[in-house]
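**Student:** Quick one, fold the following:
(2 chains)
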Amino acid sequence: TQLLEQSPQFLSIQEGENLTVYCNSSSVFSSLQWYRQEPGEGPVLLVTVVTGGEVKKLKRLTFQFGDARKDSSLHITAAQPGDTGLYLCAGEETGTASKLTFGTGTRLQVTL
Amino acid sequence: EAGVTQFPSHSVIEKGQTVTLRCDPISGHDNLYWYRRVMGKEIKFLLHFVKESKQDESGMPNNRFLAERTGGTYSTLKVQPAELEDSGVYFCASSQDLRGKLFFGSGTQLSVL
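**Tutor:** Numbering: from 1, shown residues only, chains lettered A, B, ... in the order given. Predicted structure coming up:
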């Protein structure tokens, strides 16, 4: 079974600060996705990274896939209260058809 | 466009009872997935349908769980008999293509007392 460990588990910061969330595994994934989940809702896809070393930007969010496709990071610049939520990474297991392994999650709170 | 719809949003049942969860995927999405999060742990894969066929059911915990997708449209997940450890949030997701973007429903919160 492939596992994805996220760190930190909880993060409380003030508006305007920068932060980085890490997603690590000892296993190789075909691709890695980042989701954001709000209370009472399902996860919503933010980005998918496929190539080792790939970097994608989504406004103030920067996603990177590790060279060996075993880890990923999410960096948020100048966090805003609207960024508050549960961030989940999910890896597509090699040799499977879209079966995702989800990370343990990082709960982010951004205060004014 | 309607998203993935799950019903009910909450279900409270007693141990030993039967519960059926329903998922209506986005229209035209052949791929339908069931996932669940139990006891504050990470979300875990249960199974994957392509149209009405089970593509991968390796995540189904035991034979108390039965998933169906008759006609390749909506899907049901039945738990019979329910046990305490089945409590959690059950998510359904759908995608148009095999590795296409996944759209998740809001989930069904199942509480087994």
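
**Student:** What parts of chain A come near chain B?
**Tutor:** Contact residues, chain A versus chain B (CB under 8 Å from any CB of the partner chain): A:4, A:31, A:33, A:40-45, A:48, A:88, A:90, A:92, A:96-105. C-beta: built from backbone N, CA, C; applies to glycine.

**Student:** what do you get if the cut-off is 10 Å, keeping everything else the same?
**Tutor:** Residues of chain A found near chain B (CB under 10 Å from any CB of the partner chain) are A:1, A:3-6, A:30-31, A:33, A:35, A:37-38, A:40-45, A:48, A:50, A:88, A:90, A:92-93, A:96-105.

**Student:** got the contact list for A:Tyr87?
**Tutor:** A:6, A:11, A:19, A:21, A:23, A:34-37, A:43, A:46, A:61, A:74, A:76, A:103, A:105-108 (CB atoms under 10 Å, 6 or more residues apart in numbering or on different chains).

**Student:** Which strand residues bridge it?
**Tutor:** Note on A:Tyr87: beta-bridge partners A:Arg36, A:Thr106, judged by DSSP bridges.

**Student:** Got the confidence number for it?
**Tutor:** The score at A:Tyr87 is 98. That number is its pLDDT.

**Student:** Report the separation between it and B:Ile26.
**Tutor:** A:Tyr87 sits 24 Å away from B:Ile26, going by CB to CB, to the nearest Å.

**Student:** could you list every residue that touches the residue sitting nearest the centre point of chain B?
**Tutor:** A centroid search over chain B (CA atoms, centre = their mean) returns B:Trp34, at 3.6 Å, as the residue closest to the centre. Listed by CB under 10 Å, 6+ apart, the contact partners of B:Trp34 are B:21, B:23, B:45-49, B:57, B:59-60, B:65, B:67, B:69, B:75-77, B:90-93.
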